[in-house]
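Peer 1: fold the following and give me the result.
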Amino acid sequence: MNKTMRHLISIKDPKEQEMLDILDKRDDFKSLRIKRLLALPELTRKANSPVKILFDRILDLPRFKDFDIVEFPKIVTVEQDFDWLNTPKDHPSRRETDTYYVTDKYLLRTQMTAFWSFYLKDKEVLKRLETEGEIKALSPGIVYRKDEIDRHHFPAFHQIDGLLICKKSKKIITQDDLKEVQADLAKGIFGSDIEYKFLDDDFPYTIESLEMDIMFNNNWLEVNGAGLVNPVVLKNFGLDPEVYNGWAFGFGDRLAMIKMGIPDIRILWSDDTRITSQFKDIDSKFKEVSKYPAIVRDISFIVDTSTALNNYFEIVREIGGNLIEEVKLIDKYENADKFGKGKTSYTFRIIYQSFEHTLTNDKVNTIHDKIQDRTKEELGAVVR
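Peer 2: Here you go, the predicted structure:
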């Protein structure tokens with residue numbers, strides 16, 4: 001076998017189709033939301049997408065020319081996404097306010113690092129690790145997390161993760177190797193003169209972890225995280241940490257926004273040819289098509305204090321779609337005498353703005369009314 005060959009490894013799980021069939025039969029708000037997310041295009045495969053342009057650049061870097069490319073299901077288990085990667089049981093990312101659960105055991109993948117759970121259990125991959133002493137892979141794709149609404153957050157986004165595992169008899173991996181890989185990434189995207197620095201970081205699946213920041217437009221910006229593979233995780237996958245070691249890194253589509261001067265994550269999802277035609281290569285820069293005016297609406301409501309705000313952001317994003325630029329919490333108030341015990345009053349400011357056309361007050365009012373109705377229906381809120 002040619003040791004420099006790049007393998008495309010597409011790993012299927014019949015359970016994913018079973019979960020899709022379960023979703024297909026449901027029509028509750030939660031299931032409809034998950035189905036809409038799964039229907040979104042994967043921008044790593046979309047022509048003229050800044051995400052595809054950036055990720056393709058990484059895949060083509062000389063350092064990664066013989067790395068496997070791994071595809072794996074979008075619906076994974078709690079074990080695959082969290083447990084085997086050493087995520088603490090009480091970690092916030094496990095909460096339903098942060099993660100889209102299909103069932104109590106299956107969820108939409110929250111991180112591309114979950115590819116380890118497939119790659120490190122693949123028989124052919126393990127055979128190569130044994131015979132060649134090394135395996136290495138990249139996995140680009142779409143992931144899903146509940147989040148706030150602003151110019152830099154969307155419930156579906158993209159990551160690319162890298163992993164190298166080798167026998168210690170072949171090479172002892174150190175933090176210097178980690179820095180070298182990250183530096184190659186920065187130079188490959190931003191040029192050989194890019195200024196960068198490393199800061200300590202922390203991930204459950206790595207040790208001696210680092211964050212890399214670059215100097216860009218006179219500001220230090222975080223671009224990726226990396227670390228040495230945690231011995232605990234190696235054990236979880238049946239690999240003896242006395243025999244094996246490795247490194248890993250990951251970064252997201254925010255890097256494309258930084259590189260190409262994209263001010264709002266919604267631009268990544270636009271199908272407007274005036275926008276998509278701007279992105280030809282890694283050095284493309286976004287130019288405003290036109291600055292359409294924003295329309296602002298406030299909404300106030302009373303809900304149970306235990307209500308997670310991410311659940312409200314889901315409602316606004318779902319109904320307003322890409323017309324929502326930002327949702328700001330401008331007031332929070334508790335008064336048991338006025339609202340009742342265990343109740344909280346919130347006031348949000350919703351900023352509506354399109355990159356593609358001028359919004360009318362009538363259109364915004366229609367959307368805003370639907371948001372109010374859904375807020376009452378789904379959260380049991382009293383709109384003030």
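Peer 1: all strands of the chain, in order?
Peer 2: Counting by DSSP state E, the chain has strands at residues 8-10, 68-71, 75-77, 106-108, 134-144, 156-167, 196-200, 206-216, 219-229, 244-252, 295-304, 324-333, 343-352, 382-383.
Peer 1: what residues does the shortest one touch?
Peer 2: What that stands for is strand 382-383. For strand 382-383, the external contacting residues (CB atoms under 8 Å, 6 or more residues apart in numbering) are 299-303, 372, 375-376. Bear in mind the C-beta positions are built from the backbone N, C-alpha and C, glycine included.
Peer 1: let's see it at 10 Å
Peer 2: By CB atoms under 10 Å, 6 or more residues apart in numbering, the surrounding residues in contact with strand 382-383 are 299-303, 339-340, 343, 345, 371-373, 375-376.
Peer 1: and stretch 299-308, by the same measure?
Peer 2: 95-98, 146, 309, 311-312, 314, 316, 327, 330-331, 333-335, 338-350, 368, 371-372, 375-376, 379-384.
Peer 1: average pLDDT across that stretch?
Peer 2: Averaging pLDDT along stretch 299-308 yields 94.
Peer 1: the closest residue in space to residue 51 that isn't next to it in sequence: neighbour count?
Peer 2: What sits nearest to residue 51 in space, not counting adjacent residues and going by CB to CB, 6 or more residues apart in numbering, is residue 43, at 4.0 Å. Other residues near residue 43 number 23, with proximity taken as other CB atoms under 10 Å.
Peer 1: go on, the one 3 residues further on?
Peer 2: Here the number of neighbours of residue 46 (other CB under 10 Å) works out to 15.
Peer 1: what of residue 135?
Peer 2: Per other CB under 10 Å, the neighbour tally for residue 135 reads 24.
Peer 1: dump the residue contacts of the most far-flung residue of the chain relative to its centre.
Peer 2: Using CA atoms, centre = their mean, the residue of the chain lying farthest from its centre is residue 337. It sits 42.0 Å away. Residue 337 makes no contacts at all, as judged by CB under 10 Å, 6+ apart.
Peer 1: next one: residue 50
Peer 2: Shown in contact with residue 50 (CB under 10 Å, 6+ apart): 43, 253, 255-257, 259-262, 267-268, 275-276, 278-279, 282, 284, 286.
Peer 1: for the closest residue to it other than its chain neighbours, what are its contacts?
Peer 2: Nearest residue to residue 50 in three dimensions, chain neighbours excluded: residue 256, at 4.0 Å (CB to CB, 6+ apart). By CB under 10 Å, 6+ apart, the residues touching residue 256 are 43, 49-55, 57, 158, 189, 262, 265, 267-268, 279, 282, 284.
Peer 1: again with residue 120
Peer 2: 84, 126, 129, 135, 137, 163, 165, 229, 233-234, 236-239.
Peer 1: out of those residues, who's nearest residue 20?
Peer 2: Taking CB to CB as the measure, residue 20 lies nearest residue 84 of those, at 22.8 Å.
Peer 1: how close does the closest one sit to residue 101?
Peer 2: 18 Å (CB to CB, to the nearest Å).
Peer 1: these two - which one has more neighbours?
Peer 2: Neighbours per residue, other CB under 10 Å: of residue 84 and residue 101, the larger number sits with residue 84, 20 against 15.
Peer 1: separation between residue 200 and residue 85?
Peer 2: Distance from residue 200 to residue 85, by CB to CB: 20 Å.
Peer 1: neighbour count winner among the two?
Peer 2: residue 85 (22 against 8).
Peer 1: check contacts around the residue lying closest to that one once chain neighbours are set aside.
Peer 2: Closest residue to residue 85 apart from its sequence neighbours, by CB to CB, 6+ apart: residue 205 at 4.3 Å. Contacts of residue 205 were listed using CB under 10 Å, 6+ apart, and they are 84-87, 111, 113, 116, 163, 227, 229-230, 232-234, 236, 248, 250.
Peer 1: weed out the non-buried ones from these.
Peer 2: Those of the contacts of residue 205 that meet the buried threshold are 84-87, 111, 113, 116, 163, 227, 229-230, 233-234, 236, 248, 250, by 16 or more other CB atoms under 10 Å.
Peer 1: nearest to residue 12 among the contacts of residue 120?
Peer 2: Nearest to residue 12 among those, with distances taken as CB to CB, is residue 137, at 16.7 Å.
Peer 1: could you measure from the closest residue to that closest one other than its chain neighbours over to residue 338?
Peer 2: Using CB to CB, 6+ apart and skipping residues adjacent in sequence, the residue nearest residue 137 is residue 68, 4.0 Å away. The spacing between residue 68 and residue 338, counted by CB to CB, is 60 Å.
Peer 1: more crowded one of the two?
Peer 2: The neighbour comparison of residue 68 against residue 338 (other CB under 10 Å) goes to residue 68, with 21 against 10.
Peer 1: list the contacts of that one.
Peer 2: 5-9, 115, 119, 122, 125, 128, 135-139, 163.
Peer 1: residues touching the residue nearest to residue 94 when sequence neighbours are not counted, list them.
Peer 2: Excluding its sequence neighbours, the residue lying closest to residue 94 (CB to CB, 6+ apart) is residue 82, at 5.8 Å. Contacts for residue 82 (CB under 10 Å, 6+ apart) come out as 76, 88-89, 91, 93-94, 99, 107, 110-111, 114, 117, 204.
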